[in-house]
Each structure stands twice: as structure tokens, then as C-alpha cells.
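[1] Got a sequence here, can you model it:
(chains A and B)
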2 protein chains.
Amino acid sequence: MRVLIVGAAGMIGRKLAGRLRASGTLRGEAIARLVLADAVEPADLVTDLSEPGVADELVAERPDVIFHLAAVVSGEAEADFEKGYRVNLDGMRSLLEAVRAAAYAPRLVFTSSIAVFGPPLPDMIGDDHALTPATSYGTQKAIAELLLDDYSRRGFVDGVGIRLPTICVRPGAPNRAASGFFSSIIREPLNGEEAVLPVPDTVRHWFASPRTAVEFLIHAAELGSAALDTRRCLTMPGLSATVADEIEALRRVGGDGAVGLIRREPDETIAQMVESWPGGFDARRARELGFRAEGSFDEIVQVYVEDELAA
Amino acid sequence: MRVLIVGAAGMIGRKLAGRLRASGTLRGEAIARLVLADAVEPADLVTDLSEPGVADELVAERPDVIFHLAAVVSGEAEADFEKGYRVNLDGMRSLLEAVRAAAYAPRLVFTSSIAVFGPPLPDMIGDDHALTPATSYGTQKAIAELLLDDYSRRGFVDGVGIRLPTICVRPGAPNRAASGFFSSIIREPLNGEEAVLPVPDTVRHWFASPRTAVEFLIHAAELGSAALDTRRCLTMPGLSATVADEIEALRRVGGDGAVGLIRREPDETIAQMVESWPGGFDARRARELGFRAEGSFDEIVQVYVEDELAA
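    Now for the predicted structure:
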């Protein structure tokens, strides 16, 4: 079993690599080789997928499973139009073309996003809801999904796309995602630092922990192809919660002192972008295929405490 | 008023050019310049949009309205994977990038297709139905729609995408579209020739005449931007009719002799592709915006008789 992770230097990529090293197996086979590629350190191979020839080099060893996690995040894709399309669209297409040229149809697990959905949205979004992205990032992910479906249908790749909920609580420094504050308002106070909250407490969003995201990826790699129909992209289950739910979960772990470190500083740009994102999903297809997420924000905070603070 | 037609050598392109030459105006302004570009003859400019630099040259004169009709049709896009993506996706992207670089946001009218919709489909498809293409052609058109929406949202272009019904009766020789027989079974018998019918009489499909398609394009060019929301792509109204409806309309014009020239020769590949296409649409948004189509197959046959046979 040869495994390639593209975007291995990111938070999820590093956790996935750690998880695969710890278990040593995937799809019931021992992992003989695990290649970690990313455009930035730390990675075994520091290489940019959107550069000519890079995808072919990465695929030359014919990895059995490819995890494609590399992406320019939402805020950056909106700020830098060209970079967003280059990384999020051209990168995906280069990888698919390299796999097609190699002609062996590996399992490709692609991380899409709930940002493929935009307003007007119902309170609960079903698996058949139209892709109506309201951002360039969401557009790029939606296009990547369409490509993954078509390349899979043609037999060039055995693709599974998973639309991740917003991953929370992200460890470490904030990234440039517009959704970063959802993590900051838990993480910073638990580390004794102030956090900025740019949106109202009533904002409802869709969450899963980093640990759960890694399990989604492993499960997507291990799913039998027969279980998938022509639609290879699935909305992952998650927890629908408000900022107020987050704050109460924080209070139960860190007390009023921690909650007091949240500074409200409304930001219209972020608020508008986040409000265009969906608040809850049915995710029936994914649940039927065995994907599982957290059931309360307390569990999500607990994962952060166990995996990051205790370590 | 400067107008550019990309894909001007195709059937619709030639009719559109003729219509614009005849009226001499668009959006209430006299047409000072009309450039007809295509990868094949006849065109003023024989040039391939998917080649580097071509789109920039075409946009250099800053046409006020651009009609982008150039496409590899469904059957060919399925048979030649690379060509389909090069022309239908890269061509569109090159044009959008050229327009973005020119920084003046012209009206871009793009012809999409009902092939962006695939099974499972309801009998009547609403304006909010998900894009679930079942072919590479449909995938390429769906991606082009997403790009048009995002580039319009960002203010780089003032786009309108129109999902054309199957155009029927197409004059002249058959093209490589899998849907070609819908026209052949009317056109060939009316010209005293045999036609092959590869699908059952019960197949239901969605039609408009070439004359109506040209009026859709003109109307899309003239629509005020304020009337459009963030979703710039519209399903055009059309006529929902079966092959049996077609045959009865043929009989009313050409008699039993014409109908006798239809030879049934089932083709599983074509039947499967066509059955994955939708049979009827609500098209409410487009109707509310003033787009109009035929009300019976007799009218569609009549347009063929008037515009092609009488000429």
C-alpha cells in the first residue's frame, strides 16, 4: 500500500500523516510507503502541484491512495483571485490529468467544502441540494467536485470527495480562512489569550473536530467503490451549533474567565461571508456510508483539550 | 456597439450573425462592428479560442457584447475527452481571463446546455435543481456556468448563461451531437431521404427551433443587469415533446410517405445517453425575464419549412 498526501503540511495533513504512521495500515494493507507533499514546509517533498510536471512526478510511483488536501483557503481565495484558481482549480486538474495519464485509477480522496453551497439556503440542506457557491473558493471546490465525478465516471480515477464541516478547534496559529474565529474563540481563551469575535452570537454553523476530519479521510479511503454511485462527493456529518453554543461549551471548561477573553469586534465583510455559508445539513448519504461526527460542542472542545492541550 | 461572436461558423452562430446584420442594432445601439470568429470556416477570423493568446486578441477591441457559442458537441466530447475539455472548458476560461485582463466587464452571453442536468431527474425540472451532469460535455458546461457566475460576481464580466433546449430542426448535415436524430427524423424525410431513429418513440425531450435560439441570444444580450441575480445561468423555455409527437407533426406536413422514411435502428449507446437527459423544465425564471419558445412541434416544423425549405 503506497499512500500520497498532497497538502501534507497543513493542519489536517499532518494529523492524517500521524494517524497513518501510528496505525501503519490502510484498506487492510500495511503502508509500505507514505509520501508527504506540500508547497510549503514541513513536507518530504516541497513542491507546488499547480506547477507543470509536478503532478506527474507525484503520481509516477503509482500511489494506491492519494489524499488531496492542498488548498488556498476561503479568505485568501477571495483576496487573491489568481492564486485561488491556480491552486484550487489548476492544482486539482493537474492531479487528475496525471492520474489519467498513469492509467491505473487509484482512490483519490479530495477535501471539498460546505462553501460549495450558497444562499438562498434552507435551514437543513439535503444531499441533493444544488451547488450554488457564493465565493471564489466555493466555486473552485464545486468545479473540482464536477471534475472528480466526471473523471471517476470515465474510470480514470476512483474518486471520493468529502465536504468537510468547518474544522474546530484548529490548533496553532490562525490561518487566513474567514471561518478562523470559530476556533480562535475557544483556543485563545483556553490558552489565556484574548480572541476576537467578528460575528453575532446567533450565527449558526456546521462543525467537526480535527480528529473527526482525519477519521472522515481514512473512512473515505477505505470505502468500497461499489457503495458509491455516480455522485462521488458527499457532505460529511457534523454538528450544527451557534456561536452562543460555542461560548457555553467554553464556559463549562474554562469558566467565566475564559469567556471574558472573547472581545466582540463586528466585521461586516467576515459576517457577510459567513452568513452566506450554511448552518446545517442532513448528510444522510454520508451517515449511511458510515461517517460519524461529534454530537455536541462539549465533545469538540474535549477533543481539543485531549489532543492539543494535554500533549 | 461592437459585437463579437465566438463560434460564429456553427449553425446558430451563422443565423445569429445574419439576424444581427439584418437588424443592424443591439441593445438599442447601431452595430458599428461585428466580428465573427471560429476555429473553422466560414468566419472572418479563423482562430482557436483554446490556443494561447487568441482570447486576448479577440477581446483587444473591447467588444460591448460577446456571444460565446463555440463548443465541442456532446457526442464528440464523450469520444474525445481531451478535445472536449480543451474547447469547452479551457476555451471558456481563456475568454473569461482575457475579459478580466481587459477590465471593462462586457456582456458575455454564453450558451450552456440542459446536459448540465443528469439522472435522477424529476419529470419537471425547476430552476433550483442541482447541476448533476452525466456526460463530460455536461460537466464542461456546468463548470463554465460556475465560472461565469463567479467572474460576474467579482465584476470582471457581465455574464448571462442560457441553457438551450435541443435545437430542432437543425438544417444541413448532421453534426456529431448524440441528439442529432431529433432533427434528422424531420429534416431527412422532408427532403425525401431516409432517417435513422436510434431510440424508442416514447423518449421525451426539450426543444426549441433555431429561430427561437437566436431570439434567446439576442434577448440575453439585451437583458438589463439589474434583472439578473447572482445566478447568471438560466434554463430557457422550450417545448417538451416525445419522438411520437415529432412523428405526428411530420405526418401532418409530409404525410405517411415522409413518416415511412424513418427507419428504426435502436442504438443502446445513444439511447442511454439521451435517456439520461431531461424531458421537461419549469423555466420560470427565464419566462419571467421575457424569454419565449414554441408551443407545439407543429410550430417547430413550420419554422424549418419557412426558414430552410422555402429559402
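[2] if I look at A:Asp127, how far off is B:Ala286?
    27 Å (C-beta to C-beta, to the nearest Å). C-beta here means a position set from N, CA and C on the backbone, and glycine is covered the same way.
[3] Show me which of these two is the more surrounded one.
    Taking neighbours as other C-beta atoms under 10 Å in any protein chain shown, A:Asp127 and B:Ala286 compare with B:Ala286 leading, 23 against 17.
[4] quick one, what contacts the more buried one?
    Contact partners of B:Ala286, counting by C-beta atoms under 8 Å, 6 or more residues apart in numbering or on different chains, are B:162, B:234-237.
[5] Likewise for A:Leu146?
    Counting by C-beta under 8 Å, 6+ apart, A:Leu146 touches B:131, B:133, B:139, B:142-143, B:146.
[6] Chain A: which of those is nearest?
    B:Thr139 (4.1 Å; C-beta to the nearest C-beta).
[7] just checking, the closest one is part of a strand?
    No: counting by DSSP: H, G, I helix; E, B strand; the rest coil, B:Thr139 is not found in a strand; it is helix.
[8] Same list (the contacts of A:Leu146) but as JSON lines, adding distance to A:Val196.
    Below are the contacts of A:Leu146 laid out as JSON lines (distance: C-beta to C-beta, whole Å):
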{"residue": "B:Leu131", "distance to A:Val196": "37"}
{"residue": "B:Pro133", "distance to A:Val196": "42"}
{"residue": "B:Thr139", "distance to A:Val196": "41"}
{"residue": "B:Ala142", "distance to A:Val196": "38"}
{"residue": "B:Ile143", "distance to A:Val196": "37"}
{"residue": "B:Leu146", "distance to A:Val196": "33"}
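[9] Could you single out the nearest of the residues you listed to A:Glu265?
    Distance to A:Glu265, by C-beta to C-beta, is smallest for B:Leu146 among the contacts of A:Leu146, at 33.5 Å.
[10] hey, where'd the helices end up in the stretch 201-311 of chain A?
    Secondary structure of the stretch 201-311 of chain A (DSSP state H, counting those that start in this stretch): helices located at A:210-222, A:243-259, A:268-275, A:284-288, A:297-304.
[11] Could you say which of these is packed most deeply?
    helix A:210-222 (a mean of 21; mean count of other C-beta atoms under 10 Å in any protein chain shown).
[12] Distance check, A:Gly118 against chain B.
    A:Gly118 is 8 Å from chain B, where distance means C-beta to the nearest C-beta, to the nearest Å.
[13] what about that residue, distance to B:Glu265?
    Counting by C-beta to C-beta - A:Gly118 and B:Glu265 are separated by 46 Å.
[14] Comparing those two, which shows the higher neighbour count?
    Taking other C-beta under 10 Å, A:Gly118 and B:Glu265 do not tie; A:Gly118 has more neighbours (23 against 12).
[15] What's the per-residue pLDDT of that one here?
    Predicted confidence (pLDDT) for A:Gly118: 89.
[16] where does chain A dip in pLDDT?
    Scanning chain A with the threshold set as pLDDT under 70 gives A:175, A:311.
[17] Can you dump the C-alpha atoms of stretch A:199-208 in PDB for me?
    What follows is stretch A:199-208 as a C-alpha-only set of coordinates in PDB (Å, rounded to 0.1, in the frame of the first residue of the first chain):
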ATOM      1  CA  VAL A 199     -20.000  38.000  14.100                       C
ATOM      2  CA  PRO A 200     -23.100  37.900  16.300                       C
ATOM      3  CA  ASP A 201     -23.600  35.000  18.800                       C
ATOM      4  CA  THR A 202     -26.600  33.800  16.800                       C
ATOM      5  CA  VAL A 203     -24.500  32.700  13.800                       C
ATOM      6  CA  ARG A 204     -25.100  29.000  13.200                       C
ATOM      7  CA  HIS A 205     -22.500  26.900  11.600                       C
ATOM      8  CA  TRP A 206     -21.500  23.300  10.900                       C
ATOM      9  CA  PHE A 207     -18.600  21.800  12.800                       C
ATOM     10  CA  ALA A 208     -16.400  18.700  13.300                       C
END
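[18] How far does it sit from its chain's centre?
    Relative to its chain's centre, stretch A:199-208 lies at 17 Å (C-alpha atoms, centre = their mean, to the nearest Å).
[19] check contacts around A:Ala8.
    Applying C-beta under 8 Å, 6+ apart, the residues contacting A:Ala8 are A:14, A:16-17, A:36-38, A:43-44, A:69.
[20] Can you say which helix or strand has it in it?
    If you go by DSSP states H and E, A:Ala8 is not part of any helix or strand.
[21] And it, how close does it get to chain B?
    27 Å.
[22] now that residue, nearest residue through space, not along the chain?
    Spatial nearest neighbour of A:Ala8, excluding adjacent residues (C-beta to C-beta, 6 or more residues apart in numbering or on different chains): A:Leu36 at 3.5 Å.
[23] Same check on A:Ala249?
    Here the residue nearest A:Ala249, using C-beta to C-beta, 6+ apart, is A:Phe297, at 3.9 Å.
[24] For chain B, see how far away the one you found is.
    Taking C-beta to the nearest C-beta, one finds A:Phe297 at 30 Å from chain B.
[25] shouldn't that residue be in contact with A:Ser240?
    No: under the criterion of C-beta atoms under 8 Å, A:Phe297 makes no contact with A:Ser240, lying 10.1 Å away.
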